[in-house]
Structure formats: C-alpha cells, structure tokens
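Asker: how would this look folded up:
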Amino acid sequence: MTTTTLAALVPLLPFLGAAAGLLLGRTAPGYVRPLAILPTLGAAVIAVIVAARQGGGRAIDAATQLTPTGSVPIDLALHLDGFAVLVAVLVGLVATCVQIYSTAYLRDDPRYPSYAALVSLFTAAMLLVVYSGDLMVLLVGWEIMGICSYFLVGHYWETPEARAASLKAFLVTKLGDVPFLIGLFALAADTGTFRITGILGAVANGGLDHPTLIALLLLAGVAGKSAQFPLHTWLPDAMAGPTPVSALIHAATMVAAGIYFVARLLPVFAASGAALVVLAVMAAVTMIGSGIAALAQDDIKRVLAYSTIGQLGYMSGALAVGDRGAAAFHLLSHGAFKAVLFLAAGVVIHAAGTNSLAAMSRMGGLSQRIPDAYWTMTVALLALAAIPPFAGFFSKEAVLVAAEHTAFGDRDVAPAAAGWTILVAGLLAAVLTAAYATRLWLLAFRGRGAEAPDHGRQPVAMTSVLWLLAVPTIAFGLTVGTISDWFDGNSLTPSLATAVLSTGVGLVGGLVTYAAWRHRTALAARTPMGAVVAHPDAEPALVEVEAMTSHTAAYGHDGDAPDPADPGRLLLGPLHRHAAAGFHLDALYATLFVRPVLAAARVVRFLDREVVDTYVRGSGTGARWLGTAVRRAQTGNVQTYLSALLAGSLVLAIAAVVFATVNAGS
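Answerer: Got it, this is the predicted structure:
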C-alpha cells in the first residue's frame, strides 16, 4: 500500500469510528468502547508507519481536484513532510491515550457514547488539518474542531459554567475565524491557488502583493484558535469540560492547530517584517501575562490552562523569529508532557474527593495514595519548568537559541526587534513557569487540606497511559541531535549561554516559590484549615461537575483561594487578586464589546417592535377595517344592490353634467 494511501486512512479511520459510534451508541452500547479506541489506535499506528516511510526526507505530495470552481481550484491534497508526519504521530498517540483513559474516567456517564464519538471526530479533524495540502480542505478540519470543542467543553451541560464556557469558546474562536477566512481568500487572490505548495512557490517568487495585510488577518484566526493574547480568554474557562477533553485540546488538537498553520505557511508571514514583530509582541505578552495569571490560580486545571497559553506563546515566539523547527520541536515536546499533566490532574481530582475538587488549596495527603499520578506529574512538571534532561528543557532552549540568533543578527529571517522581544520575554516566562510549576506541586501534593477518604487504587486505564506518555516526556529531548533533519535543518542543540541562563532563572523561580511556601506554611500553622469532603463513592465525572458548580461559591468572584499557605499570594502581593481574575480582561471585553452590542440589540429590538411592527400592524388594521366595511355592504338583498346601482348611476350622471357645464363655461 502506498504512503499516500496509508496517509489518507489516518484521518479516515477515526472519522468512521465517530460515525459508527453515533449510529450504534444507543442500539449496541457494547460496541462503543471498541469503536472509540480501535480506530484511533489504528490511525496512530498507521501515522507511525507513514512517519517511518517519509523519514524526514523529501516532502510527498498527492492531489486530485475536489470540485471545479471556475476560478481558484480546490484540491483534495496531501502534503507529507517531516513536520506533518511527526505531528500526526503526536495527535494519534495522545488521542488514543485519551480514549483509553476516558473508558474509566467516564465509566458511568450516560452520554459517554456521544462523547467518545465526538473525541474521534475531533481527532479526525485535527489529522485532516495536519495532512492537508489545500487550505480550503484544511479549513474544513479547522471548523469541525471548533464545533467539536463546543460540544465537548459543554459535555456537562447541566451546569451553567459548562454551558457558558462552551458558548464562549465557540464565539471567541469564531471572532478570530472571520478575519482568518478573509485572509485565506486574499492569499488565494494574490497567489492564484489554495494549494500550500503553490502558495509557498508564489511567495518565493515574490508573488505576494499584500503580505502584511494577509499575515495580520491570518494571525487573528491563529490567536483565537491557539489562545494567544488578546483572544486567549476562552481557554481557562474551557476547563469546565471533562479532564480528558482538556488533555486532548491542550496537547494535540485545537490550540496546536494555529501554531501548526503558521509553521506550515511561515514564508507568508516572514514576507512581512511588521507581521513578525506583531507576532513577537503577541507572544511576549501571552507568555508573561499567562505566567503571572497561572501563579494566582487555585483550580489545578486553570493553572494548567494558563500554562498551555504560555507554552503556546513560546511556540509563537519561535515562529516570530522565523524558526519553524524550534516551534515544531516545542509543540511535540509540550504535547507529551501537557497530556501527562492534564490526565494526571484528572487522577488527582478523583483522588482528592473534596467538594471543591479542583482546588489545590483543599488537597492533602495525595502523594502516597496516587503514586502513579504523583511521579508522572512530577516528571511532567520538571519538563514544563525546563529542567534538564527532560524534554521541555531541550525544546524551550531551541526557542531561546533561535531568539538569541535573531537578536544578535546571526539570522536575518526576522527583525532583530522580534528576537530581543522573544529572548527577554522567554527568560522572564521561564522564571514564572518554574514558579507556578513548583507551586502546583507543593499545593497539590504537600498541601494542608483535609485528607479525603481513600477511594482505593485508581483504574489501570487511567494510570497506564500516564506512564506511556511519560516516556517521551523524559526521552524526547534526547532526539535533539537528529530531529532537526525532519524540519528545516536548523540546529536545535542548546547553547551554553542560554542553557545556563534559562536553567538558572528557572531554578531561582522554583526555589523562591519553595521558600515562600515554607514561610507561609509556618505562619499558617496556627490556623488549621478544614475542607468539605464529598461522598467517597462519587464517580470522577460526577465529582468534576460538583467541582465546577461549587467553584464560585468556594472562592468568590475572582477565584481567590482561602489557603493562607499559598506562596502565590506572597510572591504577587497586591497583584494576586487581579491575576487570579485574568487581569479582568473578560470584564474589559464585556464593557467594550458585549455591553455595546447588547445595547444596540435592545435598540434594534425596540425599533423592530415599536416602529416596524407598528407599520405592519397598522397595515393589517387598515385592511381589516376595509374588509369589515365591504363585508357590511354585502347583505345579499337584490333590492339593496339595485338601489345602490341606481344611486351610483345617478351620482355619475350628475357629475358628468357638472363637468360638461364647467368645460362649456370655460
């Protein structure tokens, strides 16, 4: 079987699994779990075979015209280069682990069949984006992911938080998709094709007439899909969905799509220095702002959500300095350890058993009860903090080295201003990342919360995938010497200066956070803190619903945690309250956009009801009155009709005589 045929099967298998799962979910529930796992597993295995055949060599292209358009053709095209095939392996691996994990996590959920089918469809859409060689076909997968995220984030639709989060995720990403679609059409108008290879060829030959405008329009969609400032606010709220969905969105789908898109079309963005500077500033603000916000969150999943936003900022930063290899390397590395973090967080949430389940300040005594989650999460947090020799260290160093080369003029792909922006912001973000990673570990596993009743050993389906994903978290960085051949050939090896500097500031961030925690713990020792405990037999999916519904009541409007031993309060000081509320960006957007739109809608409603409807009702009333008058004239009496006829004839005769007399006199 040819490589292109195998590649076509990769997105097709989970799509067929999704269709079969939706059809058989109610009539044959025994087939739901095999239909969820086996097609996705098959896609992952085939993706590995495709990657082995491609081998990082010359890109493989295949296309057939999808439909005649009369102008710019749309092709059903595959483009398989080293970048695409490795990302497909990541998507297949994480999606398979999520499906296996979900069989235990949502074991008694009545909506599991539709959930599993949507996860498969989500996976198929991302794989379509990864392998597609035509932008219009890529757009199909792009939009399918948007609708899948709406349904999956809103899986617990009984809770107002889940309903609001799903709607917010859909609307914010669509806000970016509108200019994104315009940018795609503008790009096709300039280059005459939707084929990615044709576009890149046109750019290389100087065929792009409006590079800055097109790049900025496309960046709006990327900011929405990949949760970059200022369209990042949907991602923390999306934690209202099931934890496995969070792992899938953050590690392998949805948010990775925007980064992948820019990496695939990087020459389009590199054609405009202004666009790269804008991307660099966007990435810098995202990295630093999300790091500060993560340091103030008490919900473990919101910490990880802001962490994802910051790590995506690193990837955007690598692209802003024109290094696709560094961005791709960090995307793959981050996908592995972030999947571990979210899936381990699900185990922590289940084991914590408190009413406000995701609250780190209310956790205690977990490290001995859930050793699998404890050790794998520790490894993943070390990778997140970029501590050598874990994968996150090598991939983050690749980003900083690329920024360093651009800042000092060793590469002229991007302006030096973009390089300095990413280098400085990346080092500051390294301090913050180590700080909130250390804080998460201390509060989750060394916290002072009341110890919940022991639920027993966690399901094997949930713990086994943690160890599977921990392998690339530990070992993937060791491929740094060979993986560059799969991308652009630029070296991904850390430099001594950036390695020492970034590791040093990371260790400082972690040690300062630990010292602050020790200080706060000593002060709080005289204030024992209790926690509300949920029923020990609560299922994880139902317990998570409790966590989402009780969040506001437990922490107040800004999500502040009540734990006086929280080191984030000491480190951030008066900034803590604002950081916990995401710097009030939602309130700002509500003031600047939501309220004016609602006010305009009320004006339109008033005009529609009181003006337009008045005319409509008036027309109807007049016609009704006329009908009433005419109806009364229709008596059915022949004598009345003859009398009216004679009277009318007499009136007409008199009018004719008067008219003739007037004309004769004149």
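
Asker: by mean pLDDT, point me to the weakest helix or strand of the chain.
Answerer: When the helices and strands of the chain are scored by mean pLDDT, DSSP states H and E, helix 540-555 comes last with a mean of 41.

Asker: C-terminal to that helix, what's the next element?
Answerer: helix 567-572 (DSSP states H and E).

Asker: quick one: the following helix or strand past that next one to chain centroid distance?
Answerer: Going down the chain from helix 567-572, the next helix or strand is helix 575-580, by DSSP H and E. Relative to its chain's centre, helix 575-580 lies at 23 Å (CA atoms, centre = their mean, to the nearest Å).

Asker: could I get the buried residue list for helix 575-580?
Answerer: 576, 577, 579, 580 (16 or more other CB atoms under 10 Å). (C-beta placed from N, C-alpha, C; glycine too.)

Asker: reformat those as TSV; add distance to residue 19.
Answerer: As requested, those are exported to TSV (distance: CB to CB, whole Å):
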residue	distance to residue 19
576	48
577	48
579	44
580	43
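
Asker: farthest pair within the residues you listed?
Answerer: Using CB to CB, the pair of these lying farthest apart is 577 and 579, separated by 7.4 Å.

Asker: any common contacting residues for these two?
Answerer: residue 296 (CB atoms under 8 Å, 6 or more residues apart in numbering).

Asker: just to revisit the earlier point, of the buried residues of helix 575-580, which is the nearest to residue 133?
Answerer: residue 579 (42.6 Å).

Asker: isn't the closest one right up against residue 291?
Answerer: No. Residue 579 is beyond contact range of residue 291, at 9.5 Å (criterion: CB atoms under 8 Å).

Asker: for the closest residue to residue 273 other than its chain neighbours, give its distance to residue 495.
Answerer: The shortest distance from residue 273 to any non-neighbouring residue, by CB to CB, 6 or more residues apart in numbering, is to residue 415 (4.9 Å). Residue 415 is 21 Å from residue 495, where distance means CB to CB, to the nearest Å.

Asker: who's more crowded, these two?
Answerer: Neighbour count, other CB atoms under 10 Å: between residue 415 and residue 495, residue 415 has more, with 19 against 15.

Asker: name the helix or strand for residue 58, please.
Answerer: Under the assignment given by DSSP H and E, residue 58 is not contained in any helix or strand.

Asker: neighbours of it, just the number please.
Answerer: Residue 58 has 10 nearby residues by other CB under 10 Å.

Asker: can you list phi and psi of it for me?
Answerer: Main-chain dihedrals, residue 58, degrees, to the nearest 10: phi -60, psi 140.

Asker: please report the distance of it from residue 133.
Answerer: Distance of residue 58 to residue 133, given as CB to CB: 14 Å.

Asker: residue 239 should be in a helix, yeah?
Answerer: Yes. Checked against DSSP: H, G, I helix; E, B strand; the rest coil, residue 239 lies within a helix.

Asker: so what's it up against?
Answerer: Per CB under 8 Å, 6+ apart, neighbours of residue 239: 165, 246, 299, 301, 302, 305, 358.

Asker: pretty sure residue 346 contacts residue 243?
Answerer: Yes. Counting by CB under 8 Å, residue 346 does reach residue 243; the two are 3.6 Å apart.

Asker: longest helix in this protein, by residue count?
Answerer: Ordering each helix of the chain by length in residues (DSSP state H) puts helix 160-191 first.

Asker: any stretches of the stretch 451-600 of the chain with poor pLDDT?
Answerer: Within the stretch 451-600 of the chain, the segments meeting pLDDT under 70 span 451-456, 524-564.

Asker: now do the helices in it.
Answerer: Along the stretch 451-600 of the chain, counting by DSSP state H, counting those that start in this stretch, helices occupy 460-475, 480-483, 496-524, 540-555, 567-572, 575-580, 585-589, 595-606.

Asker: could you do the stretch 151-300 of the chain as well?
Answerer: Going by DSSP H, counting those that start in this stretch, the stretch 151-300 of the chain shows helices at 160-191, 196-204, 211-225, 234-237, 243-251, 255-264, 266-270, 273-294, 300-320.

Asker: so can I have JSON lines of the ones you listed showing distance to residue 649, mean neighbour count and mean pLDDT?
Answerer: Formatted as JSON lines, the helices of the stretch 151-300 of the chain follow (distance: least, CB to CB, whole Å; neighbours: other CB atoms under 10 Å; pLDDT from 0 to 100):
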{"stretch": "helix 160-191", "distance to residue 649": "69", "mean neighbour count": "19", "mean pLDDT": "94"}
{"stretch": "helix 196-204", "distance to residue 649": "82", "mean neighbour count": "18", "mean pLDDT": "94"}
{"stretch": "helix 211-225", "distance to residue 649": "75", "mean neighbour count": "23", "mean pLDDT": "95"}
{"stretch": "helix 234-237", "distance to residue 649": "78", "mean neighbour count": "25", "mean pLDDT": "94"}
{"stretch": "helix 243-251", "distance to residue 649": "84", "mean neighbour count": "29", "mean pLDDT": "93"}
{"stretch": "helix 255-264", "distance to residue 649": "82", "mean neighbour count": "26", "mean pLDDT": "95"}
{"stretch": "helix 266-270", "distance to residue 649": "84", "mean neighbour count": "22", "mean pLDDT": "95"}
{"stretch": "helix 273-294", "distance to residue 649": "84", "mean neighbour count": "23", "mean pLDDT": "96"}
{"stretch": "helix 300-320", "distance to residue 649": "88", "mean neighbour count": "29", "mean pLDDT": "96"}
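
Asker: residue 77 is nearest to which of these?
Answerer: Closest of the helices of the stretch 151-300 of the chain to residue 77 is helix 196-204, at 7.8 Å (criterion: CB to CB).

Asker: can you check what angle separates the helix or strand hosting residue 102 from helix 243-251?
Answerer: Element membership of residue 102, judged by DSSP H and E, is helix 82-105. Here helix 82-105 runs at an angle of 170 degrees relative to helix 243-251 (axes from the mean of the first three to the mean of the last three CA atoms, to 10 degrees).

Asker: how far out from the middle of the chain is helix 82-105?
Answerer: 16 Å.

Asker: after it, which helix or strand is next?
Answerer: Assigned by DSSP H and E, the successor of helix 82-105 is helix 112-131.

Asker: which helices and strands does that following helix pack with?
Answerer: Other helices and strands packing on helix 112-131, by 3 or more CB pairs under 8 Å, 6 or more residues apart in numbering; DSSP states H and E, are helix 3-24, helix 32-54, strand 74-80, helix 82-105, helix 135-153, helix 243-251, helix 255-264.

Asker: could you save these as CSV and add columns showing distance to residue 350?
Answerer: Formatted as CSV, the helices and strands packed on helix 112-131 follow (distance: least, CB to CB, whole Å):
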stretch, distance to residue 350
helix 3-24, 25
helix 32-54, 19
strand 74-80, 39
helix 82-105, 8
helix 135-153, 19
helix 243-251, 9
helix 255-264, 25
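
Asker: good, we can wrap up now.
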